[in-house]
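**Q** okay, predicted coordinates and the sequence, questions at the end:
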Amino acid sequence: MNRLPDKPIVYLITKGDADSANFYQIRNEILHNISVAVEVGIALIQIREKNLPSGLLFGLVNDAAAVTRDSGTRLLVNGRADIALAAGADGVHLPADGLPADIVRQTFPAEFLIGVSTHSADEAIGAKSNEADFITYGPVFESPGKGPPTGLEMLNKVCEYVEPFPVIALGGIDESNYGGVLVSGASGFAAIRFLNDEFRLRKLSRPSSD
């Protein structure tokens, strides 16, 4: 898994608020957040703007890739490996019901990073078998619209099932609980609300005084 940054991996996922009507306003917000994330050393960023038509999504990813290029931050696109490659991103993040990672692996460059969303141990094991580079697993904690939380105990079991394969915890993660997911065996954590906040991003990047 040498395509991945060092642990712990922090994975910023964009909010998904952009559409054709608000694109130019939201675009600037997204690019600003990405600039801050690169500045503070966030490892992974996922463009998850499902409501954008392909042309606008390509433009956004192309602009974002210009920000992340030559940095330690890797840029992925939700579900659209074609746009990710064409726009100069580093990889794709596949939904649990999307194309299997091994199909993407056969078609795209060897260095193309592939993440997969999973919500159960079986899905986690399947993604590992299908040559993904890493998975997100969740929801670990309560998160709006994401179903019942599975908790830290189940996260720990999933990490053990696929060890040493990278598992990034997702769902309801913030400054109060991300330490717990790392102790439970996760290689890192992903978040939308927590990480799309400049103050929290900058605070997260500063060493703890403990």
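**A** Structure's in. What do you need? Numbers count the residues shown, from 1 in each chain.
**Q** and for V167, the neighbour number?
**A** The tally of other residues near V167 (other C-beta atoms under 10 Å) stands at 31. C-beta coordinates here come from the backbone N, C-alpha and C atoms, glycine included.
**Q** repeat for S143
**A** 17.
**Q** which one's the longest helix in this protein?
**A** helix 23-40 (DSSP state H).
**Q** neighbouring contacts of it?
**A** Applying C-beta atoms under 8 Å, 6 or more residues apart in numbering, the contact partners of helix 23-40 are 12, 14, 17-18, 45, 47, 49, 52, 56, 59-60, 63-64, 67-68, 71, 73, 75, 195-196, 198, 201-202, 204-205.
**Q** out of these, which are buried?
**A** Neighbour-count burial (16 or more other C-beta atoms under 10 Å) applied to those gives 12, 14, 18, 45, 47, 49, 52, 56, 60, 64, 67-68, 73, 75, 195-196, 201, 204.
**Q** residue ranges of the strands in this structure, please?
**A** 9-13, 44-47, 74-78, 91-94, 113-118, 134-137, 167-169, 188-191 (DSSP state E).
**Q** need those in a markdown table with distance to E29 and mean pLDDT, can you?
**A** Converted to a markdown table, those look like this (distance: least, C-beta to C-beta, whole Å; pLDDT from 0 to 100):
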| stretch | distance to E29 | mean pLDDT |
| --- | --- | --- |
| strand 9-13 | 13 | 97 |
| strand 44-47 | 13 | 98 |
| strand 74-78 | 17 | 98 |
| strand 91-94 | 20 | 98 |
| strand 113-118 | 23 | 98 |
| strand 134-137 | 23 | 98 |
| strand 167-169 | 24 | 98 |
| strand 188-191 | 17 | 97 |
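**Q** out of the ones you listed, flag the one nearest R3.
**A** Closest to R3 of the strands of the chain is strand 113-118 (C-beta to C-beta; 5.3 Å).
**Q** export stretch 54-63 as CSV, just CAs?
**A** C-alpha atoms of stretch 54-63 as CSV (Å, rounded to 0.1, in the frame of the first residue of the first chain):
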residue,chain,number,x,y,z
SER,A,54,-19.9,16.2,-15.7
GLY,A,55,-18.5,19.3,-17.3
LEU,A,56,-18.7,21.4,-14.1
LEU,A,57,-17.3,18.5,-12.0
PHE,A,58,-14.4,18.2,-14.4
GLY,A,59,-13.6,21.9,-14.1
LEU,A,60,-13.8,21.7,-10.3
VAL,A,61,-11.5,18.7,-10.1
ASN,A,62,-9.1,20.3,-12.6
ASP,A,63,-8.9,23.4,-10.4
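**Q** ranges for the helices of the protein?
**A** 23-40, 54-68, 81-87, 101-107, 121-129, 151-162, 178-183, 198-205.
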